[in-house]
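[1] coords please:
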Amino acid sequence: MCGISGIINKSKKPIDEKEIKNMNDLISHRGPDDEGFFWGDSFAFGHRRLSILDLSNHGHQPMNYLDKYTITYNGEIYNYLEIKEELLKEGYIFNSNTDTEVILASYAKWGEDCVQKFNGMWAFAIYDKENNHIFCSRDRFGVKPFYYTEIEGKFFFGSEIKQLLDFQDQVLVNKNILIEYLALPAFKDTAPQCKYSREY
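    Below is the predicted model:
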């Protein structure tokens, strides 16, 4: 099922290596096949991989594309082969058989609007080196979770809520949301993506 983690420091200070590694260790069960990290000047991505589409090292994450875009991703894009075919006609080159690389090429082609092309379930963060920002997105119904919080100038995200709890001084239940969750059937999410952009 894979798992993602990330920390973005708004104060532009380097990320504590232990923090991101601890976040990733908490979801080791989600990705027993591989682990990876990407370090920016003031942010870090982590990934735990369960190999499905491409079992080779070409599917390692976080994945880089064109030396411009780096992604940590969990999910499955069902129509990735159709999108890949469209991008191949536009001259885009692929080094793997993963849907991960198709997401990156789609972002290179269409920017943040790339999510409108996707049929599937996903949670990802893309570092856009050219434009100095990070774009985070999850699927329209939240099938693939993307938990996040902001504490003391740091933005944390991950595949499981327990990755964020160690950074909280106090953990309390939002009773109103809990009642809605228990009492109501599935409800539609009107916000298909969470976007976090900042200048570095």
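[2] how far does the helix or strand bottoming out on mean pLDDT in the chain sit from the chain's center?
    The least trusted helix or strand in the chain, going by mean pLDDT, DSSP states H and E, turns out to be helix 175-183, with a mean of 87. Counting by CA atoms, centre = their mean, to the nearest Å, helix 175-183 is centred 27 Å from the centre of its parent chain.
[3] So Pro32 sits against Leu50, correct?
    Yes. In terms of CB atoms under 8 Å, Pro32 counts as a neighbour of Leu50; the distance is 6.8 Å. The C-beta positions use only the backbone N, C-alpha and C, and glycine is treated the same way.
[4] More neighbours: which of these two?
    Neighbour totals were compared for Pro32 and Leu50, and Leu50 leads with 14 against 11 (other CB atoms under 10 Å).
[5] how many other residues sit next to the residue nearest to Tyr107 when sequence neighbours are not counted?
    Spatial nearest neighbour of Tyr107, chain neighbours left out: Cys114 (4.9 Å); criterion: CB to CB, 6 or more residues apart in numbering. As a burial measure, Cys114 scores 20 neighbours (other CB under 10 Å).
[6] so how far is stretch 115-126 off the chain centroid?
    Taking CA atoms, centre = their mean, one finds the center of stretch 115-126 at 9 Å from the center of the full chain.
[7] List the buried residues for that stretch?
    Within stretch 115-126, the residues that count as buried by 16 or more other CB atoms under 10 Å are Val115, Lys117, Phe118, Gly120, Met121, Trp122, Ala123, Phe124, Ala125, Ile126.
[8] ok, residues contacting that stretch?
    Applying CB atoms under 8 Å, 6 or more residues apart in numbering, the external contacts of stretch 115-126 come out as 4, 6, 45, 69-80, 83, 99, 103-104, 106-107, 110, 134-139, 141, 143-146, 157, 159, 192-193, 196.
[9] List the buried residues for stretch 104-112?
    Across stretch 104-112, burial judged by 16+ other CB under 10 Å covers Leu104, Ala105, Ser106, Tyr107, Ala108, Lys109.
[10] longest single helix anywhere in this protein?
    Counting residues, the longest helix in the chain under DSSP state H turns out to be helix 99-110.
[11] in terms of contact count, name the helices or strands touching that helix.
    Applying 3 or more CB pairs under 8 Å, 6 or more residues apart in numbering; DSSP states H and E, one finds that helix 99-110 contacts strand 63-65, strand 69-77, helix 80-89, strand 120-128.
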